[in-house]
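Undergrad: show me the folded form of this:
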Amino acid sequence: MVSSRWASATLVPVFLGILVAGCGASAPTGPNHTACGRTGQADVVVELQTGKVVDSCVQLPKGSLSGEALMRRSGIEFALQHFSFGDAVCQIDQTPLSYTSCFASGQPYWALYTWTGKGPWKAATKGISDLSFKAGQAIGWHFGTGSPPPPPRPPLAD
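TA: Sure, this is the predicted structure:
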């Protein structure tokens, strides 16, 4: 079990690095992205370490969904680990194949980003279970070391 003091001491620099890397960052829209969001949908964008982008539009109920519920409805495989700041995603689409900790020193991890429907991705400052998404918004993931850049930005619906 990971102590919350260790997790806080280890994860604060990681999240600050992600925040600095994510500020102002945006990438061109990829060819495999579909427009979603203006019809009651939110987008889940996952950029794998191979560069492949997995994208899923999720129909939302009236109101909003938690990040965890959005991921579950996306149909994209993922696994969680609980920390003092909330739940963290340790595995997406079977990457990595195995792990003992979401944030092992020097190892790649899943960086979490949010998108409000305009502007750049923002690095998340909470765990996935504490985030909430409305129609037109997106959750994004990029697997890497250091401060992984955000995934490609979801397009605006026509």
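
Undergrad: give me the phi and psi angles of residue 71.
TA: phi -60, psi -40 (degrees, to the nearest 10).

Undergrad: cool, residue 70 as well?
TA: Torsion angles at residue 70 (phi, psi; degrees, to the nearest 10) stand at phi -60, psi -40.

Undergrad: what residues are up against residue 151?
TA: By CB atoms under 8 Å, 6 or more residues apart in numbering, the residues touching residue 151 are 27, 45-47, 53, 113, 121, 140-142. To be clear about C-beta, it is placed using only N, CA and C from the backbone, and glycine gets the same treatment.

Undergrad: again, only using 10 Å
TA: 27, 30, 33, 44-48, 53-55, 111, 113, 115, 121, 138-143 (CB atoms under 10 Å, 6 or more residues apart in numbering).

Undergrad: check residue 66 too.
TA: Applying CB under 10 Å, 6+ apart to residue 66 gives the contacts 72, 87, 128-133.

Undergrad: same question for residue 143.
TA: Residue 143 neighbours (CB under 10 Å, 6+ apart): 46-50, 89, 91-93, 95-96, 108-111, 151.

Undergrad: which non-adjacent residue is nearest it?
TA: Distances taken as CB to CB, 6 or more residues apart in numbering place residue 49 nearest to residue 143, at 4.6 Å, with adjacent residues excluded.

Undergrad: again, but for residue 115
TA: Spatially, and ignoring its direct neighbours in sequence, residue 115 is nearest to residue 138 (4.0 Å; CB to CB, 6+ apart).

Undergrad: next one: the one you found from residue 45, what distance?
TA: From residue 138 across to residue 45, the span is 6 Å (CB to CB, to the nearest Å).

Undergrad: what is in contact with those two at once?
TA: Counting by CB under 10 Å, 6+ apart, the shared contacts of residue 138 and residue 45 are 55, 113, 115, 121, 151, 153-154.

Undergrad: pick the one among these closest to residue 40.
TA: For the shared contacts of residue 138 and residue 45, the residue nearest residue 40 by CB to CB is residue 154; the value is 14.9 Å.

Undergrad: tell me the one of the shared contacts of residue 138 and residue 45 nearest residue 83?
TA: Nearest to residue 83 among the shared contacts of residue 138 and residue 45, with distances taken as CB to CB, is residue 113, at 17.8 Å.

Undergrad: ok, now which ones touch the closest one?
TA: Contacts of residue 113 by CB under 10 Å, 6+ apart are 18, 21-22, 25, 45, 47, 120-124, 138-142, 148-151, 153.
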